[in-house]
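In: Prediction below, plus the sequence it came from.
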Amino acid sequence: MLYQIFETQRSIMEPFSDLAQAAAKLFGNPLNPMSQTPMAQRTSAGYALMHRLGKDYEKPVFGIQTVKVNKTDVAIHERIEIDKPFCELRRFKRFSDDAATLVQLKAQPVVLIVAPLSGHYATLLRDTVKTMLQDHKVYITDWKNARLVPLSEGEFHLDDYINYVQEFIRHLQSTYGNCHVVSVCQPTVPVLAAVSLMASRGEKTPLTMTMMGGPIDARKSPTAVNNLATNKSFEWFENNVIYRVPANFPGAGRRVYPGFLQYTGFVAMNPDRHATSHYDYFKDLIKGDDASTEAHRKFYDEYNAVLDMDADYYLETIATVFQDFKLVNGTWDVKGVDGKVERVRPQDIQGTALMTVEGELDDISGSGQTRAAQDLCTGVPAKERLHLEVPGAGHYGIFSGRRWRDIVYPEVVKFILGHSGKKSASAPAKAASAKTVAAQAPAQAAAKAIVKVAAKAPTKTANIAAAPATPKVAAQTTAKVASKPTVKVAAKSAAKAAPAAKSKPAVKTSWVEPKNKA
């Protein structure tokens with residue numbers, strides 16, 4: 001019933017929003033005599049803000065037309081590689097008429113970016129995709145809005161998510177030989193499960209897994225998101241946040257977790273910051289600050305565009321990840337496309353290098369939650385594991401904005417390139433006994449690099465999600481190596497941002513012994 005009420009309210013507000021947009025243009029048009037009256041700018045700004053608050057936000061487009069590869073413009077053609085009922089595997093094909101650039105493009109590694117299915121569209125990772133296209137062949141999972149999927153397509157479960165990821169990995173392996181996988185936020189858990197199951201079967205696994213800001217172990221440093229999931233029962237979620245799609249959508253009758261509820265939860269986490277951002281937008285319109293107003297519009301066009309999630313997938317994620325902690329407890333069983341149920345065993349992964357990334361100020365996935373993957377993947381040799389912590393970065397900042405481009409990405413690209421020439425092989429679970437794993441990665445040698453990057457406080461920006469989208473970074477670089485294997489910190493762009501000075505914080509590298517779990 002709530003969904004129908006929301007849709008009715010949205011339909012009623014839509015003409016008023018359009019009228020407000022027309023009024024804003026009317027009072028802002030210099031050819032209109034009314035625009036010269038004393039209150040014209042304020043009136044126009046007020047109507048413009050009213051339009052933004054009342055309009056419906058549709059799915060944004062990636063809109064990546066070109067990228068720079070060694071100072072050469074490379075054209076991007078976006079196309080759907082695989083079309084599944086609930087997801088599209090989207091490819092960003094690069095083209096160049098420069099022979100040398102074309103040779104370089106063909107030799108670059110293949111990366112599958114697994115986007116989150118947690119309320120926002122995959123376009124939230126636009127900056128991630130655009131940056132990685134400079135050095136990689138890039139594919140991304142573009143999840144569909146469940147309210148647009150007809151009931152005839154069936155249900156969508158967390159197991160289906162995992163099976164989708166495995167299918168996409170196998171597709172890239174059959175095309176290129178192998179690939180690298182980057183998961184951001186929510187998909188870190190199903191991606192780890194997918195690769196674990198492939199390893200347990202003895203299948204070829206990706207060359208690397210890079211996991212960024214995800215709830216591998218949601219018990220560590222619980223955030224408001226984690227507390228909500230643990231303080232409410234499974235039945236509470238099923239009875240209070242699950243609704244059927246109204247009749248005016250293709251997926252009419254499907255049980256979903258509506259996107260507008262997820263959006264309400266996002267805003268409720270930082271209501272003061274959102275209110276301040278909208279008021280700043282109003283003032284910037286009055287001042288004629290086009291750069292700031294455009295930044296606000298771009299951010300909220302993305303932030304306000306949300307999608308519905310299938311009820312089964314949503315509820316199973318709540319139970320598996322945030323209530324029962326099945327991954328870290330070793331009790332997670334997944335049903336494959338063949339109907340066979342298999343246990344998820346991260347310790348079976350041996351031939352896939354692992355990198356984890358966390359933001360110090362992440363209020364979605366708390367400190368230590370993503371790093372927990374390091375303790376689960378005990379079959380991965382110590383020299384193949386890296387952990388990156390970015391002080392001053394929030395959830396959004398580790399995969400988008402200047403911190404991502406200047407600090408996180410140089411480490412990610414170095415990690416991927418460092419493992420692009422190796423072969424990946426994983427032994428079946430029976431061969432990967434606890435004794436063998438312990439012999440391969442003893443606790444004394446299992447060192448993980450924690451790269452801490454300090455930066456200046458962010459300037460005013462339209463990003464409210466969890467961390468500023470465009471912070472100004474100024475850091476000097478120092479590399480301290482405690483023991484072999486040697487890790488060199490790649491932070492050239494951060495070093496270029498500002499000259500070294502005693503008052504500036506520095507990049508620090510230290511080694512830590514992880515827990516050795518069988």
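Out: Sure, I can see it.
In: Please work out the average pLDDT along the host helix or strand of N227.
Out: According to DSSP states H and E, N227 maps onto helix 224-231. On average, the pLDDT along helix 224-231 is 89.
In: Alpha carbons only: can I get it in CSV?
Out: Taking C-alpha atoms only, helix 224-231 is exported to CSV below (Å, rounded to 0.1, in the frame of the first residue of the first chain):
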residue,chain,number,x,y,z
ALA,A,224,24.4,2.8,11.7
VAL,A,225,23.7,0.5,8.7
ASN,A,226,24.9,-2.5,10.6
ASN,A,227,23.1,-1.6,13.8
LEU,A,228,19.8,-1.3,12.0
ALA,A,229,20.2,-4.8,10.5
THR,A,230,21.1,-6.4,13.9
ASN,A,231,18.6,-4.5,16.0
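In: Where do the strands of the stretch 51-200 of the chain begin and end?
Out: Remark: strands assigned in the stretch 51-200 of the chain by DSSP state E, counting those that start in this stretch are 66-69, 72-83, 87-95, 110-114, 137-143, 180-184.
In: Pick the most deeply packed of those.
Out: By mean neighbour count, with neighbours taken as mean count of other CB atoms under 10 Å, strand 180-184 ranks first of the strands of the stretch 51-200 of the chain at a mean of 27. In short, each C-beta sits where N, CA and C put it, glycine included.
In: For it, name the packing helices and strands.
Out: strand 110-114, helix 126-132, helix 188-200, strand 208-212 (3 or more CB pairs under 8 Å, 6 or more residues apart in numbering; DSSP states H and E).
In: So in that sheet, which strands flank that strand, and in what orientation?
Out: strand 110-114 (parallel), strand 208-212 (parallel) (DSSP bridges).
In: Near F234, how many other residues are there?
Out: 14 (other CB atoms under 10 Å).
In: let me redo that: G401
Out: The burial count for G401: 23, using other CB under 10 Å.
In: for A22, same thing?
Out: 12.
In: do D272 as well
Out: For D272, using other CB under 10 Å, the count is 8.
In: Return the backbone torsion pair for it.
Out: phi -60, psi -40 (degrees, to the nearest 10).
In: quick one on the thing from earlier: tabulate the strands of the stretch 51-200 of the chain (JSON lines), appending mean pLDDT and distance to K335.
Out: Output for these, formatted as JSON lines (pLDDT from 0 to 100; distance: least, CB to CB, whole Å):
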{"stretch": "strand 66-69", "mean pLDDT": "93", "distance to K335": "39"}
{"stretch": "strand 72-83", "mean pLDDT": "95", "distance to K335": "21"}
{"stretch": "strand 87-95", "mean pLDDT": "97", "distance to K335": "18"}
{"stretch": "strand 110-114", "mean pLDDT": "98", "distance to K335": "20"}
{"stretch": "strand 137-143", "mean pLDDT": "98", "distance to K335": "20"}
{"stretch": "strand 180-184", "mean pLDDT": "97", "distance to K335": "21"}
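In: Look up how far N227 lies from the residue nearest to S367 when sequence neighbours are not counted.
Out: Of all residues beyond its chain neighbours, the one nearest S367 is S221 (4.4 Å), with distances taken as CB to CB, 6 or more residues apart in numbering. Counting by CB to CB, to the nearest Å, the gap from S221 to N227 is 11 Å.
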